Each structure stands twice: as structure tokens, then as C-alpha cells.
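>>> Using only what follows, build the 3D model:
(chains A and B)
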Amino acid sequence: MLLNTQHQSTSEDLPKGLPVISVEGVSKKFCRDLKRSLFYGIQDIAADFAGGRQHSDRLRPKEFWALQSVSFQLYPGQAVGLVGSNGAGKSTLLRIISGLIKPDTGKVRIRGRLAPLIALGAGFNPILTGRENIFANMSILGLTTRQIRQRFQDVVEFAEIEEAIDSPVQTYSSGMAARLGFACAIYTEPEILLIDEVLAVGDARFKAKCYRRLYELRQKGVAFILVNHNSQSILNICDTAIYLSRGSLMAYGEVNTVIDQYEADLFLTGTERSENRLTFPARLPQESTGIDIRALFFRDAQGEPTQTLLTGEPLSFCLTCESHSSYSGVTFDLRIVKVGGEDSVGNVLTIRGQTDQAFFQISPGLSELQLNLPYLGLSPGTYAAQVRLRKDSIYTFEIVESFRFSVVAHCDVNKCQFYQPRTWTLVPAN
Amino acid sequence: MPPEIVYTPDSLLRRPRFLLWTMWHDLLSSRELAWRLMVRDISAQYRQALLGIAWAFIPPIATALGFTLAKDANVFTVGETDIPYPAYVMFNTALWQTFVDAATGPVQAILLAKPMLARVNFPREAIVLAKLGEVIFNFGIKLVLIVGLFLYFRVPLSWTVILAPVALIHLILLGTLVGVLLAPIGVLYQDVLKSLNMIMGFWLFLTPVIYPVPTEGLFGALVSWNPVTPLIVTIRELATTGVLSRSVGFWVVSGCTLLGLMVTWIGFRIAMPYVVERVTS
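Numbers count the residues shown, from 1 in each chain, chains lettered A, B, ... in the order given. As a prediction, this is how the structure comes out:
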């Protein structure tokens, strides 16, 4: 199942020089039993102190492999996304790379300064002022006092806390503290950045600013490892991806291919993905939450299923669902983000059935909900939609996290953010 | 291109030269961080207290007052001390407290820094160094009190007082040795911190802090085998009489301390990755 497209797809545009990170057959075992785990810890320390651990490649009772024979390389300026469900070993891998814990087998080579964006606000003391905390935090991240002084103003400006810089951090709002933590971490100016699901801080505007900053850093040749549950952010930032499942490397290579595989595994087996269409297998009534999404696709002006989405043309977004009983007040929400590129942050389009008062009565069996768009306003490009099938405004039947589709244009939409439907007329003036 | 760092499962002891080099390098590079952490901890320590820095003075005064009152009331009898009893108790308590701080400090500091340790790879020595700085700072504050007391009781000083700081450093290093030895285990098992207070309480009884060094019986033997005894006695004698009664014991303990500290430091470095791995998996 190992999919290694690295060599075929990126060999020609592979950055020159040595990899900044090279992970060679790294494994790590953990123990879920606390008492035993602590005891193993003492045992490992004693063995290490006695000159080396024997059989660190074998499992002791109640241990399991949190990571198993993972290998990959990261080159300067490359951004790799790390995807996988909870407990797949993503954070463990990051912690081994940052040298916090030792691998049980294999080797990690690091060339360059590495900064973890895992540790937002590490060492923040709530009693001390923002100023004092910036100094403490950045020196934990490895900067000298001189370097901190030089960057201090940038950090404060980036975090947008000029007026609160001399107040204790405990008086900050959670957003302000998070912004300060992010700003400290990002201004350490490393060669390698490890980012572990921290981009959820702050409001949408600050998030956009973070993404822009990451984009700038990448242009400067900083290499990234980005961990995120949300495959959309990975698609936005990364060119390659690694898919981990239960500690094993399932796929490694070009980002779209890997994400496709990850999402295919994430959905139920039997999910079929073709261009601009997603089909799901039927569920047994006991596995269902009431109504299941069976297909997501589009229809053209004539009502025929289509796989070509044209900017400016009429289009219907269709959701086929299977209900196991009768429900009233059923509707769905659609949140669309653009994938790829610098300006691709935040939602491009959000449509909520509740806002439009579009509630439907669903009877048992298959039904198709249609969202009719007289003109498709999206400009050409790739998009990812989150589809949420709900009842009234509280209960959610099912969520499809990322339904990707691409839009093309026949008309001229150059230099346009969206398609504007229009008519022209000439009227006599009086 | 910065030097390559390699992480392998092999024991660091297999590469002794590399180990010693990284120890030296980390010690140097952690100075600035240690300073920052110390400034952070000390400023935070007194900022949220109404009495502020006065808290550094209150406990030793209370202790000395308590013991002096108790002695005057003949609750317990102690032999003759070479300097007035209140000054004797205050000086010894300050020294003992400094030793206790140096021993419990690393354990507490590492425990407190757990979230930081689990996320950032910074020289772990910085935490211990910061704590050491704090211990010395706290002693400095107590010193103000001791000087005041010595002036009040007109305790004669010997010229050897200028050597006392050297001996004091040995005392602090012995405490640090205990602290660094226990710190990694203390993160894994809470038993360490819980028992540490109890052990320190018992250890205090075996140290000539509130009484002069006993010479007879099992108690006398226990007290003289206590490694803290020669250090505390020597510091006090250097400061006051200038006549050293336990110079051999002092040098034996000092030598063992320096050697032991080196070994403990290596152990600390080896143990920390395993500790971090166990506490936050």
C-alpha cells in the first residue's frame, strides 16, 4: 500500500542540496499502561546508563508501535503535510524530529535550526507582563537577548498588542495570548518549522496573517512540516504529504495523491471519488445517525449530472441522502474554501440552509436535495467544500469534511475574484 | 550550513567525546536562558505578594525567634555555642535553608517546567542553573539579615570570611547533586517530591543547625557522618573564628560532591529524553 511518488513527480524540481531533515527507518514504541510505562522508563534509563539498550526493536508486554519504520526527507523550502487520524503517530514523529524523545530504532539527521510551533507560549507566566514573557519565551526557543531585542518590535507589531505590552499576560484575552505565542515562535526565524495544529489561533483575520507569514517564510527557503487534521490547510500550504496510520507510513509523495488516499481511507470503504463527484456506500440502520449522505455531485442547466463546472453557467449542487425514518426540518450547510495559492485563506462562500429557511421534509428512502445556482459565481480553480447535513439548527446528521471540485471557465474571468452576472442596456437619455 | 545533528537510539555513553562536548556546549549556551528564567521566576515570585520581598526575611526571623524563645525558656538545652545563640541559629538556618533550596529546587523546577520540556528542545541545564541562581539570590537576601544580626551582637569576624563563599558554593553544589539526581525520577514518580520534604525534615535533625556539633554517642556519630555537617561547620568557622575543626571532612565531602555532580549530570542528560517520553505520551 506504500505509495512513493516522490521520485517520479518531484525529481526534476527537487531543491538542490542536502535534505534539512532525513528520517531513516524510525520506530517508537509506547505503553498504554501508566504504571508499567513509568517502570519501563526507569528500566530504559538504567539500561542506557549501563551502556546501551538491548533489543530496543522488540516489544515488551503491553507495548505497541506508535511509529514503525518511517522514512522520509525534507529539503530546504519544501513543505510537507503530515496527515492521519488521531493516534496515528504524527505528534510522536514531530517530537522525535525535534529531539525531545529518542527513537527506538532508526536515525534522524537534522541540518539547520529547528523551531517547533508546537509550543505556543511555552513558559508564559501569567503574572508577568507581555514584554517580560516575550523575552522568556523567545529565549526558551533558543534566541540570545540581542536577537530578541532586534525582533521585539516586529513581534509586538505582529501580535497586535502594542497597548497591552506592559500589562500582565493574565489580563490578556485568550486570543491575545495565542497571538503573542504565535508571534514569538514565528520570529525565531528557523530553517525548519514544525507546526502542530496551531493555526487555529485567533480570529479569521489573524489566521490569514499567519498563513501569509508562513507563505513568506517558505519563499525564503524555510522548510515546513505541518500537522493538521484538516486536509484543506495541508493542500493550501504543502507540496508533499505524508500519510500515517497506526504508526506506519501509508503514503508519501505529491500532496494531492496522498490526501486523496487519506480521505479515501477516512471515509468508509467503498467510497468512490471521481472528478467533481463523491459516492458513499449504504449504511446499516444501526450504524446510521438517521440520514446518511450517499452522494455529492452537480447537475447542469438541463438537470443532467455533470462533471464540468463552468463559471457563470447555471449549476445545481446535489446531495443524495438515504433516510431510515421520517424527519422534518432537514437542510444542509455548504462551506467552500479555495485550495492552493497565497490568498487562499478562509471561506470563499458559505451557504446555510437555515439562513435561507430551506427546510425539507424527508421520508424514508433515497432523496436528493438540490441547491440551485442560477449562475456559478466561483472563479476557475480548485475548491474544497465542507458539507453538513443537519436537522433544524442543532442536530447534525453527517459531515463530509472535504469534497473537492474544480471549476473551469469558458468566459473571460481574468482579473476577477468572482463571476458577476450582468446585462447591458442602452436607454435614451432625456 | 549548521552542523548536522543526529538522533539515534544508541546510548550517549557510547560516544563519550561527543557527550562531553555537548555538555560543555549546552552549559555555555544555556547561560542566557538560565538568566532569563531566573529573572522571570524571581520577579514572578514576589510580584503577587502584598509584602513583596519582605517574604525573604520573614521565615528566618520567625525560626530564629522561635528557637531563641524556646531555648530561653529551657524547653531544650544546647551546649555552648561560639557565637550568641540567636546569631548562631539564624546563620545556620540560612545555610541549611540554602542547602534545602538547592536540593528541592531542581526537582520542583523540572516538574513545573514539564509542559515546556515536553514541547521545546532547549538545554535542560538551564532550568537547574536558573534554580541555582535563585538559590544564591535568596541567600544574598538572607545575608543582609545575618550581617545585621552579627553587627547587633557584635560577633567578631575572622579574615577567613572571604573564603566562606567558596565553602558555601560547595554546600550549594552538594544540594544540587541531590536535586539533579532526584529530578528525573521526581517527574516520573510523585513519591520523590512527597518524601523529599520528610527526608529534609529528618536530615535537619542530624545536622548541627540549632545545636552545636555533639561529640558523644550514636547521635554524635550520625551527625559527624552526615555530609552536610562538615560543610556547614566549616562555613560558619570560616566566617567567625577562623579555626577549622573539620577540614578533612570538608575536603572529602567537597571532592565527592564535585565528582558525584559530574556523574549525576551525565545521568540527568541520559535520563531526560526517557522522562519526557513517559510523561506526555
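>>> and the closest residue to residue B:124 other than its chain neighbours, how many residues sit next to it?
Of all residues beyond its chain neighbours, the one nearest residue B:124 is residue B:272 (5.3 Å), with distances taken as CB to CB, 6 or more residues apart in numbering or on different chains. For glycine as for every other residue, the C-beta is placed from the backbone atoms N, C-alpha and C. Residue B:272: 20 surrounding residues under other CB atoms under 10 Å in any protein chain shown.
>>> same check, this time on residue A:335
16.
>>> That one contacts residue A:347, doesn't it?
Yes. With contact defined as CB atoms under 8 Å, residue A:335 reaches residue A:347; the gap is 5.5 Å.
>>> So which bits of the stretch 101-250 of chain B are right by chain A?
With the criterion set to CB under 8 Å from any CB of the partner chain, the stretch 101-250 of chain B comes near chain A through B:113, B:115-122, B:184-185, B:188-189.
>>> Which phi and psi values does residue 62 adopt?
With no chain named, the answer covers chain A. Phi and psi for residue A:62, reported as degrees, to the nearest 10, are phi 70, psi 10.
>>> Please refer instead to chain B.
Main-chain dihedrals, residue B:62, degrees, to the nearest 10: phi -60, psi -40.
>>> burial count for it?
Other residues close to residue B:62 by other CB under 10 Å number 11.
>>> Pull up the gap between it and chain A, please.
Distance of residue B:62 to chain A, given as CB to the nearest CB, to the nearest Å: 25 Å.
>>> Same check on residue B:275?
From residue B:275 to chain A the distance is 7 Å (CB to the nearest CB).
>>> what sits against that residue?
A:41, A:45, B:184, B:187-188 (CB atoms under 8 Å, 6 or more residues apart in numbering or on different chains).
>>> which element is it on?
Secondary structure from DSSP states H and E places residue B:275 in helix B:247-279.
>>> mind listing what's buried in that helix?
Using 16 or more other CB atoms under 10 Å in any protein chain shown as the test for burial, helix B:247-279 gives B:249-250, B:253-254, B:257, B:260-261, B:264-279.
>>> now residue 142, nearest residue through space, not along the chain?
Unless you meant another one, I'm taking chain A. Per CB to CB, 6+ apart, closest to residue A:142 is residue B:122, 6.3 Å.
>>> oops, chain B please
Nearest in space to residue B:142, with sequence neighbours left out and distances taken as CB to CB, 6+ apart, is residue B:94 at 4.2 Å.
>>> Might one say that residue A:330 is in contact with residue A:395?
No. Using CB under 8 Å, residue A:330 makes no contact with residue A:395, being 9.7 Å away.
>>> Compare these two (neighbour count), which wins?
residue A:330 (24 against 13).
>>> related to what we said a few turns ago, got a list of what the residue nearest to residue B:142 touches?
Here residue B:94 is in contact with B:60, B:139, B:142-143, B:145-146 (CB under 8 Å, 6+ apart).
>>> Which SSE is immediately downstream of the helix or strand harbouring it?
Using DSSP H and E, residue B:94 falls within helix B:85-112. Counting by DSSP H and E, the next helix or strand C-terminal to helix B:85-112 is helix B:114-117.
>>> helices or strands up against that following helix?
When contacts are defined as 3 or more CB pairs under 8 Å, 6 or more residues apart in numbering or on different chains; DSSP states H and E, helix B:114-117 packs onto helix B:247-279.
>>> what angle do the helix it packs on and helix B:85-112 make?
30 degrees (axes from the mean of the first three to the mean of the last three CA atoms, to 10 degrees).
>>> Can you list the low-confidence ranges for chain A?
By pLDDT under 70, the weakly predicted segments of chain A are A:1-16, A:52-55, A:118-123, A:197-202, A:267-273, A:340-346.
>>> Would you map out the domains in it?
Following automatic domain parsing, one finds the domains of chain A at A:3-113+A:225-265, A:269-408.
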